[in-house]
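Asks: Dropping the sequence and predicted coords here.
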Amino acid sequence: MLKIGSYSFQSRLLLGTGKFPNYEIQKKAVEASETEILTFAVRRMNIFDQSQPDLLEELNVKNYTLLPNTAGAKTAEEAVRIAKLAKASGLCDMVKVEVIGCDKTLLPDPVETLKASEELLKEGFTVLPYTSDDVVLARKLEELGVHAIMPAAAPIGSGQGILNELNLSFIIEQANVPVIVDAGIGTASHAARAMELGADGVLLNTAVSGANDPVLMAEAMRDSIIAGHKAFRAGRIPAKRYATASSPKEGMTVS
Ligand SMILES: CC(=O)[C@@H](O)[C@H](O)COP(=O)(O)O
């Protein structure tokens, strides 16, 4: 069970809704993923202008927890404004805080992310900040009282997988709130690896929406996250430098 603030989920996969080839494939992929949480950029929804297309239009949104994100914000002030607009329009009080500090890498601005998170916590939001894999920043966010930490595996949309396993494992080790690896996942083994390291969940978008077969990739992500989490819970054997026989000779009567 994944618990974020007062919310509980069976699935540990959080899925982004952008960049699918069409709404039908988006719907099928979302269903195949068995996700319970869908994230979307508030600025791309029609919540303020009903004449505009709704980017989730084929989906029965009642079946999902909608996690608005503040994509597009470059300052804390913008992020807070976007989050408040989303809440005022009746969306969930949970928000993914995304304050971009660099247009080329789309990496988050740590100072503005801290400021936005602090303000949104005061306003009573359930706050999930997207961060870099900075261990100290993750701790400071947790000290503020955020409800989950979302460190990037790699730049958004890059599909490179986890670039700094050491930092990620430090963040996971020290955290007392869920750690959800967010962004940069390219294929199922990356998601499984995040879970094997002890992450509580994975948020991804491009790896599914951009796959040749998004529906099949959504299934693969679902399965890999379950498998990675099981492997983490099972406790892996330590890696050794040299071989040890799988069938020991001790106790055998025939040599
Ligand atoms: C949808 C969303 O929130 C993205 O900003 C997120 O970070 C996913 O990144 P990928 O597209 O790299 O999976």
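Replies: Looks like it arrived, so ask away.

Asks: any low-confidence regions in the stretch 101-250 of the chain?
Replies: Residues of the stretch 101-250 of the chain meeting the criterion pLDDT under 70: none.

Asks: Could you rerun that using 80?
Replies: Under the criterion pLDDT under 80, the flagged ranges of the stretch 101-250 of the chain are 248-250.

Asks: Flag every residue of it that's near the ligand.
Replies: When proximity is defined by Cβ under 6 Å from any ligand atom, the stretch 101-250 of the chain lies next to the ligand at 156-157, 182-185, 203-207. Every C-beta, even on glycine, is put in place using the N, C-alpha and C of the backbone.

Asks: Turn those residues into JSON lines, including secondary structure and neighbour count.
Replies: As requested, those are exported to JSON lines (DSSP: H, G, I helix; E, B strand; the rest coil; neighbours: other Cβ atoms under 10 Å):
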{"residue": "Ile156", "secondary structure": "coil", "neighbour count": "21"}
{"residue": "Gly157", "secondary structure": "coil", "neighbour count": "18"}
{"residue": "Asp182", "secondary structure": "strand", "neighbour count": "31"}
{"residue": "Ala183", "secondary structure": "coil", "neighbour count": "27"}
{"residue": "Gly184", "secondary structure": "coil", "neighbour count": "24"}
{"residue": "Ile185", "secondary structure": "coil", "neighbour count": "29"}
{"residue": "Leu203", "secondary structure": "strand", "neighbour count": "27"}
{"residue": "Leu204", "secondary structure": "strand", "neighbour count": "29"}
{"residue": "Asn205", "secondary structure": "coil", "neighbour count": "21"}
{"residue": "Thr206", "secondary structure": "helix", "neighbour count": "18"}
{"residue": "Ala207", "secondary structure": "helix", "neighbour count": "24"}
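
Asks: Assign a three-state SS to the nearest residue to Val146 once chain neighbours are set aside, would you?
Replies: Of all residues not flanking Val146 in the chain, Val127 sits nearest, at 4.7 Å (Cβ to Cβ, 6 or more residues apart in numbering). For Val127, the assignment made with DSSP: H, G, I helix; E, B strand; the rest coil gives strand.

Asks: re earlier: and of the residues of the stretch 101-250 of the chain next to the ligand, the nearest to Asn164?
Replies: Using Cβ to Cβ, Gly184 comes nearest to Asn164 of those, at 10.7 Å.

Asks: what about the helices in the stretch 1-150 of the chain?
Replies: 23-33, 76-88, 110-122, 135-144 (DSSP state H, counting those that start in this stretch).

Asks: Which single residue of this protein approaches the ligand most closely?
Replies: Gly16 (2.6 Å; Cβ to the nearest ligand atom).

Asks: What residue, apart from its backbone neighbours, is nearest that residue spatially?
Replies: Here the residue nearest Gly16, using Cβ to Cβ, 6+ apart, is Asn205, at 2.6 Å.

Asks: Now do that neighbour against Glu142, distance only.
Replies: Distance of Asn205 to Glu142, computed by Cβ to Cβ, to the nearest Å: 25 Å.

Asks: just Leu114 next, same as before
Replies: Going from Leu114 to Glu142 by Cβ to Cβ gives 11 Å.

Asks: now Ser8
Replies: For Ser8 relative to Glu142 (Cβ to Cβ), the value is 20 Å.

Asks: So for those two, which residue has more residues nearby?
Replies: For Ser8 and Glu142, the more surrounded residue by other Cβ atoms under 10 Å is Glu142, and the numbers stand at 19 against 10.

Asks: So what's the residue count around the spatially closest residue to the more buried one that is not a sequence neighbour?
Replies: Nearest non-adjacent residue to Glu142, counting by Cβ to Cβ, 6+ apart: Val177, 5.7 Å away. Val177 sits with 18 neighbouring residues when counted by other Cβ under 10 Å.

Asks: Thought Ala148 was touching Val177, still the case?
Replies: Yes. At 5.4 Å, Val177 counts as touching Ala148 under the criterion of Cβ atoms under 8 Å.
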